[in-house]
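A.B. asks: A structural model of the following input is requested.
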Amino acid sequence: MKVAFVGVGHMGGPMCANVLKAGHAVKAWDVAGASLDAAVAKGASRATSVADCVAGAEAVVTMLPSSPHVRSVYLGENGVLSAASAGTLLVDSSTIDPLTAREVAFDALARGLPMVDAPVSGGTAGAVAGTLTFMVGGAPRDFERARPLLEAMGRNIVHCGASGNGQVAKICNNLLLAVSMIGTSEAMALAASLGMDPKVFAGIVNTSSGRCWSSDTCNPWPGVMDGVPASRGYAGGFGADLMLKDLGLATEAARAAKVPVLLGALAQQLYQKHSADGHGGQDFSSVILQYLREPDEK
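C.D. replies: Purely as a prediction, here's the structure:
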């Protein structure tokens, strides 16, 4: 398949590499020259613009930072919708608000371009390993058409329903993840302050009713688990600023739907403070530092 890949940065780059490994011909574009150079070095051909990248493609994959970027790349002059041939499959793996996803998909369909929103979970490690989870919104026939391409990049491909529902799944999952990480951090910090060994306490939680992904897979307390961001100064992983972005998407969607998300709003404010304190580039589990007297206290 001839695939256009727009956005080959931290996530898009390894995803693009896996599409190449699957035997597809890929033409890549990115505004960052270094990212584009890296994709070309792995076998992609170099595009000179979005329009050049998309021309002649059978499928287009985009991995972009935010909703305004998606609107610009798809709807702008010489964007995807104006350059793609009718029938070209469009796959947007950016994490954006559901309304934008639905509006862009509606405009794409009006031009004879089937589109699915397919945000991912699994981080850069999953992107490199090709084990991402794709949460896909769109018509069933378009989902089935996109499946082989998504399987080149991920392990779990889930149809979530109509257009925009992939984004709904992503932002609601991350809202829950943020709340559970904050709850785990509070409990770990309190137990340690009351004199309990954090590792022993984590073991009890993980065999009891408080168990969750934040406690048993990515525990935020340094020294409790090996190979997690907390064991390496919170480097790598899923950045706190990215979590803050997703919480903003969730709370804005909740406002539009008139659904109360009290804990989500509080989580957003806590991550806002955490970012303002200079931790935005660290893994989101570093939010536990908000509960410690000293950053290196254990």
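
A.B. asks: Just give me how far the top helix by length along the chain sits from the chain centre.
C.D. replies: Across the chain, the longest stretch assigned as helix under DSSP state H is helix 165-193. Between the centre of helix 165-193 and the centre of its chain there are 15 Å (CA atoms, centre = their mean, to the nearest Å).

A.B. asks: So which bits of that helix are buried?
C.D. replies: Going by neighbour count (16 or more other CB atoms under 10 Å), the buried part of helix 165-193 is 165-185, 187-189, 191-192. (Glycine included, C-beta is placed from N, CA and C.)

A.B. asks: Past it, which element shows up next along the chain?
C.D. replies: As assigned by DSSP states H and E, the chain's next helix or strand after helix 165-193 is helix 198-205.

A.B. asks: From the contact counts, what lies against that next one?
C.D. replies: helix 165-193, helix 213-216 (3 or more CB pairs under 8 Å, 6 or more residues apart in numbering; DSSP states H and E).

A.B. asks: of all those helices, which lies closest to Ile204?
C.D. replies: helix 165-193 (9.0 Å; CB to CB).

A.B. asks: and that closest one with helix 198-205, angle?
C.D. replies: 130 degrees (axes from the mean of the first three to the mean of the last three CA atoms, to 10 degrees).

A.B. asks: Let me see the mean pLDDT of helix 165-193.
C.D. replies: For helix 165-193, mean pLDDT is 97.

A.B. asks: before we move on, what about stretch 250-258?
C.D. replies: For stretch 250-258, the mean confidence score works out to 95.

A.B. asks: buried residues in it?
C.D. replies: Ala250, Thr251, Glu252, Ala253, Ala254.

A.B. asks: does the third one sit in a helix or strand, and which one?
C.D. replies: It refers to Glu252. Going by DSSP H and E, Glu252 is in helix 240-257.

A.B. asks: helices and strands around that helix, which ones?
C.D. replies: helix 98-110, helix 165-193, helix 262-274.

A.B. asks: can you put these in a markdown table and add distance to Asp283?
C.D. replies: A markdown table is the format used below for the helices and strands packed on helix 240-257 (distance: least, CB to CB, whole Å):
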| stretch | distance to Asp283 |
| --- | --- |
| helix 98-110 | 26 |
| helix 165-193 | 10 |
| helix 262-274 | 11 |
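
A.B. asks: So which of those helices is nearest Pro14?
C.D. replies: Nearest of those to Pro14, taken as CB to CB: helix 165-193 at 18.6 Å.

A.B. asks: now that closest one and helix 98-110, what's the angle there?
C.D. replies: If you take the same axes, to 10 degrees, helix 165-193 sits at 160 degrees to helix 98-110.

A.B. asks: one step back: of all the helices and strands packed on helix 198-205, which one is nearest Met153?
C.D. replies: Per CB to CB, nearest to Met153 of those: helix 165-193, 14.2 Å.

A.B. asks: Give me the neighbour count for Leu262.
C.D. replies: 8 (other CB atoms under 10 Å).

A.B. asks: Also the one 5 residues further on?
C.D. replies: Around Ala267 there are 27 other residues, counting by other CB under 10 Å.

A.B. asks: going forward, begin numbering at 450 instead of 1
C.D. replies: Shifting the count to begin at 450 puts that one at Ala716.

A.B. asks: give the contact list for it.
C.D. replies: Leu624, Ala627, Val628, Ile631, Leu696 (CB atoms under 8 Å, 6 or more residues apart in numbering).
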